[in-house]
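In: okay, structure incoming, though there's no sequence with it:
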Ligand SMILES: NC(=O)c1ccc[n+]([C@@H]2O[C@H](COP(=O)([O-])OP(=O)(O)OC[C@H]3O[C@@H](n4cnc5c(N)ncnc54)[C@H](OP(=O)(O)O)[C@@H]3O)[C@@H](O)[C@H]2O)c1
């Protein structure tokens, strides 16, 4: 099969097309013919060797795919997931190995698509919408009327969070770069913030002097301390990324990554108690194998998709063998919404 392989940690051009042996499913696994791959910011970090638990090169990166089941391994116990069979259109979450024509995944990480969902839409749903839904409603217990600040609101997770927020009647603050402000207004962000021009803490405090209920912060480093200043009593700070470690060049810069780590604030539990604050950590990668937990959340997301309350926004689709260009596109911060790789 054709696959994109990271030969060494580094810039986007370390991704190379290679022919690898077709994978074979073992007990409890399914073999999927991949149609579309969701490109996540985490893939960029995997390629740079900055993602927790990333394998040593050579490896095939990528965390999510949409495709069609080719084969279900003998001895698959149906309690490990849905009743799956050859020909089913599905999405799957995986630790790695998504940038390929074929993939083998444990059945419990596979979800049947609702009828009529396009593969490209499907590949844009799992990681982004699960991360947002899990943070906001499972861990964060947000209620109608609550106020949320979404960093990177024009990106993959950001758009998902904005759409879910509207479906739950939340008030939204969203940050993005200058070229994405019009888009933020178009998708209905109540308070669009160009963080190059305005201090987001000041904007939030202007409209919510006592502070808001949630900030979703995937930037990390110094940004976390500023995000915390936006929160009022009962505020929830969702920590779910360290984009600050990546930089924009796409080159692996360990000093920059270290700086972002050092600038990450420490939260003292007694201070959290006295301020009535909650810090929520979310790592979808670590939850992907917890099938039952996520299955319920995915069902809610598919229901909202069926009701037309959520629709993935696709920034651009690249062919699989142009994965390096897809990564560069995200490093350049050109994506509005989700980047997809298609497999033909
Ligand atoms: N923990 C989890 O389970 C989980 C799951 C999914 C994603 N994430 C994290 O969530 C973040 C968004 O992921 P995504 O895949 O949806 O990517 P994305 O938002 O589509 O792309 C990244 C965007 O983040 C914004 N950004 C702001 N500050 C940045 C910085 N210092 N460095 C790089 N980008 C910066 C940029 O938008 P502007 O130009 O508008 O600033 C950029 O376009 C990433 O940090 C990712 O690692 C975490």
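Out: Noted; the coordinates are in hand. The structure displayed is predicted, hence computed values, not measured ones.

In: find the nearest non-adjacent residue to whichever residue of the stretch 201-344 of the chain sits closest to the ligand, please.
Out: The stretch 201-344 of the chain approaches the ligand most closely through residue 241 (2.8 Å), counting by CB to the nearest ligand atom. (Glycine included, C-beta is placed from N, CA and C.) Spatial nearest neighbour of residue 241, chain neighbours left out: residue 218 (3.0 Å); criterion: CB to CB, 6 or more residues apart in numbering.

In: next one: residue 176
Out: Among residues not flanking residue 176 along the chain, residue 154 sits closest, at 4.2 Å (CB to CB, 6+ apart).

In: contacting residues for the residue lying closest to residue 248 once chain neighbours are set aside?
Out: Leaving aside its chain neighbours, residue 248 sits nearest to residue 331 (5.7 Å; criterion: CB to CB, 6+ apart). Contacts of residue 331 were listed using CB atoms under 8 Å, 6 or more residues apart in numbering, and they are 12, 44, 246, 248-250.

In: hmm, which of these are the buried ones?
Out: Buried members of those, scored by 16 or more other CB atoms under 10 Å, are 12, 44, 246, 250.

In: now do the phi/psi pair for the third one.
Out: When read as degrees, to the nearest 10, the backbone of residue 246 gives phi -80, psi -40.

In: in this structure it contacts residue 43, no?
Out: No: counting by CB atoms under 8 Å, residue 246 does not reach residue 43; the two are 11.1 Å apart.

In: and for whichever residue of the chain sits closest to the ligand, nearest residue in space, chain neighbours not counted?
Out: Closest residue of the chain to the ligand, CB to the nearest ligand atom: residue 155 (1.8 Å). Once flanking residues are discounted, residue 155 sits nearest to residue 335: 6.6 Å by CB to CB, 6+ apart.

In: which parts of the stretch 1-150 of the chain are helices?
Out: For the stretch 1-150 of the chain, the helices defined by DSSP state H, counting those that start in this stretch cover 41-48, 119-123, 126-133.

In: can you put the ones you listed in JSON lines and add mean pLDDT and distance to residue 210?
Out: Listed next are these as JSON lines, based on pLDDT from 0 to 100; distance: least, CB to CB, whole Å:
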{"stretch": "helix 41-48", "mean pLDDT": "96", "distance to residue 210": "32"}
{"stretch": "helix 119-123", "mean pLDDT": "97", "distance to residue 210": "39"}
{"stretch": "helix 126-133", "mean pLDDT": "98", "distance to residue 210": "25"}
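
In: of those, which approaches residue 68 most closely?
Out: Taking CB to CB, helix 119-123 is the member of the helices of the stretch 1-150 of the chain nearest to residue 68, at 8.6 Å.
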